[in-house]
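1. Curious how this folds, go ahead:
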Amino acid sequence: MKAWSDLYIPPLDARFPLADLSLHDTATSSVKPLARKSIYRIYVCGITPYDATHLGHANTYLTFDLVNRYLRATGAEVNFVENITDIDDPLLERAARDGIDWKELAHSQIELFKSDMVALHVIPPAHYIGAVEAIPEVISAIKTLQEKGTVYKVDQDLYFEVRSDSDFGLRSNLSQPEMLEIFEQRGGDPLKPGKKDPLDALLWLAQRPNEPGWESEFGSGRPGWHIECCAIALNYLDIAEDDATSIDIQGGGSDLIFPHHEMSAAQSKMINGREFATHYVHAGMIGLDGEKMSKSKGNLVLVSNLLKEGRDAMAIRLALLSHHYRSDHMWTDTDLVNAEEFMKQLRIALSRMEVAPTDATINEIIAALSNDLDTPTAIKALRNWLADTDAGNIGGSPGELSRAIDTLLGIAF
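-> I've put the predicted structure just below:
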């Protein structure tokens, strides 16, 4: 599937050294550095396209856009893969509810998502892969798991034995009761008769009446959620033979820690014998009116609607970056109003011939981002620079600062 259009990223002058990027790893509950490498492999879970991009989605994709930008600024290549779960129960249910073909619904929402990402100045992934186009890879992955003796049948469906991975549960750090509760809340089927373990993960769903299916040696059906991402990551990220883990970063929102990322990682480990990721990185949840923003609750602030209202796309980006990526927080229009005003002030200041010194500000932004993407501190550095400029200090390069803000924070002027 074609991603959105590529964008130009200004180069950062070599006199600005970049420290190793440190990120919080969910599995170890600690902030730890990424090893310096010439190529990084990142997999980020994409949308299920049955509704438009809300600010919770945007927060996740801006987070990993910052990671992508920082690693590229070090001179490294970034192989960034993102999926689209373009066949799943919620998509089929929404299409049935609205009397529309599920493929038409998926296509329209994927295109809307792409336009939102362009507006928010997000670097496109190197590979943007739909679950439907990855079905051959999914079938191959299931066959490998069968050969490893980790697959069994319940009626006509296939399941993965999660306990075949001795590290199952260590990435999410949850107790058995917690896993069971979350599994049921997030699309799992712990009470299904015939399962060996209530947490065992669906690999292949046999075709149901009036639902789509794809032919395989297991019968006509479609992929389970977790094996979809596992298969796409292992097939599109050019896994290095000498790396201890399959990829460098598994990313997504914190609502994917369990079951999705835990189960995808377990399946991956059983396929190739290696821990899936060096870092499991998760963005916080965005709420509205006291509750997490989600499609199921319907309490959504959609990026596309804000743009239709004439709100500044870069201000939307800035408003989200004003909170640390791992923090859960409530969205308010005040955040956006404040960001719009700050963007206005920055544009005026950066259009001046004489501005306050900029080298220290760029170095402060780099230092903040290298420390677990500390965007609030990076933005504070810009506010301090703006105050110094308004106070009449001179000696800086507005063009260089503008380019650095674009390169590192993704805010274009």
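2. from here on, contacts and neighbour counts on C-alpha atoms
-> Noted.
3. Please state the offset of the lowest-mean-pLDDT helix or strand in the chain from the chain centre?
-> Least confident helix or strand of the chain, by mean pLDDT, DSSP states H and E, is strand 291-292 with a mean of 76. Relative to the centre of its chain, strand 291-292 is centred 19 Å away, using C-alpha atoms, centre = their mean, to the nearest Å.
4. Quick check: which helices or strands does the helix or strand following that strand pack against?
-> Remark: after strand 291-292, the chain's next helix or strand is helix 303-308, criterion DSSP states H and E. Helix 303-308 sits against helix 102-119, with contacts defined as 3 or more C-alpha pairs under 8 Å, 6 or more residues apart in numbering; DSSP states H and E.
5. hmm, who's touching the helix or strand just after the helix it packs on?
-> Heading C-terminal from helix 102-119, the first helix or strand you meet, by DSSP H and E, is strand 127-130. With C-alpha atoms under 8 Å, 6 or more residues apart in numbering as the test, strand 127-130 has contacts from Met1, Lys2, Ala3, Phe80, Val81, Glu82, Asn83, Ile84, Thr85, Asp86, Ile232, Tyr236.
6. how about the helices in the stretch 201-350 of the chain?
-> 225-236, 262-272, 303-308, 313-321, 333-350 (DSSP state H, counting those that start in this stretch).
7. low-scoring stretches of the stretch 251-400 of the chain, by residue?
-> Within the stretch 251-400 of the chain, the stretches with pLDDT under 70 are 294-296.
8. rerun that using 90 as the cut-off
-> Within the stretch 251-400 of the chain, the segments meeting pLDDT under 90 span 288-300.
9. Quick check: closest non-adjacent residue to Trp102.
-> Of all residues not flanking Trp102 in the chain, Ala95 sits nearest, at 5.1 Å (C-alpha to C-alpha, 6 or more residues apart in numbering).
10. per the record, what domains does this structure have?
-> Structural domains annotated on the chain: 22-288, 311-409, as defined by automatic domain parsing.
11. need these in TSV with distance to Asn299 and mean neighbour count, can you?
-> Output for these, formatted as TSV (distance: least, C-alpha to C-alpha, whole Å; neighbours: other C-alpha atoms under 10 Å):
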stretch	distance to Asn299	mean neighbour count
domain 22-288	7	19
domain 311-409	11	19
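12. JSON lines for these, including distance to Val303?
-> Formatted as JSON lines, the domains of the chain follow (distance: least, C-alpha to C-alpha, whole Å):
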{"stretch": "domain 22-288", "distance to Val303": "6"}
{"stretch": "domain 311-409", "distance to Val303": "8"}
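13. Val301 is nearest to which of those?
-> Distance to Val301, taken as C-alpha to C-alpha, is lowest for domain 22-288 among the domains of the chain, at 5.4 Å.
14. Quick one: closest of the domains of the chain to Ile9.
-> domain 311-409 (5.5 Å).
15. So for that closest one, first residue to last residue, what's the gap.
-> 19 Å (C-alpha to C-alpha, to the nearest Å).
16. Please, where are all the strands along the stretch 151-300 of the chain?
-> 151-154, 157-160, 201-206, 221-223, 245-253, 275-283, 286-288, 291-292 (DSSP state E, counting those that start in this stretch).
17. So for Ala339, which of these sits nearest?
-> strand 286-288 (16.7 Å).
18. Would you give the sheet partners of the closest one, along with the direction of each?
-> Sheet pairing of strand 286-288 (DSSP bridges) gives strand 291-292 (antiparallel), strand 329-330 (parallel).
19. For the first one, which outside residues touch it?
-> When contacts are defined by C-alpha under 8 Å, 6+ apart, strand 291-292 is touched by residues Met285, Ile286, Met330.
20. could you redo the last one with a cut-off of 6 Å?
-> Ile286 (C-alpha atoms under 6 Å, 6 or more residues apart in numbering).
21. Stretch 199-214 now?
-> 156-162, 190, 220-224.
22. The same query, at a cut-off of 8 Å, please.
-> Residues contacting stretch 199-214 (C-alpha under 8 Å, 6+ apart): 92, 142, 156-162, 179-180, 183, 188-190, 218-227, 263.
23. repeat for stretch 396-413
-> 9-12, 65-66, 69-70, 73, 121-122, 314, 317-318, 347, 349-359, 362, 366.
24. re the thing from before, Asp390: which of the strands paired with strand 286-288 is closest?
-> strand 329-330 (31.3 Å).
25. Contacts for the closest one next, please.
-> Gly284, Met285, Ile286, Gly287, Leu288, Asp289, Gly290, Glu291, Lys292, His323.
26. Now for the second one: which residues touch it?
-> By that I understand Met285. So Met285 contacts Gly56, Gly253, Ser254, Asp255, Lys292, Met293, Ser327, Asp328, His329 (C-alpha under 8 Å, 6+ apart).
27. picking up where we left off before, any chance of the strands paired with strand 286-288 in JSON lines, plus distance to Ser304?
-> Output for the strands paired with strand 286-288, formatted as JSON lines (distance: least, C-alpha to C-alpha, whole Å):
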{"stretch": "strand 291-292", "distance to Ser304": "19"}
{"stretch": "strand 329-330", "distance to Ser304": "19"}
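28. Tell me which of those lies nearest to Lys32.
-> Across the strands paired with strand 286-288, closest to Lys32 is strand 329-330 (C-alpha to C-alpha), at 23.9 Å.
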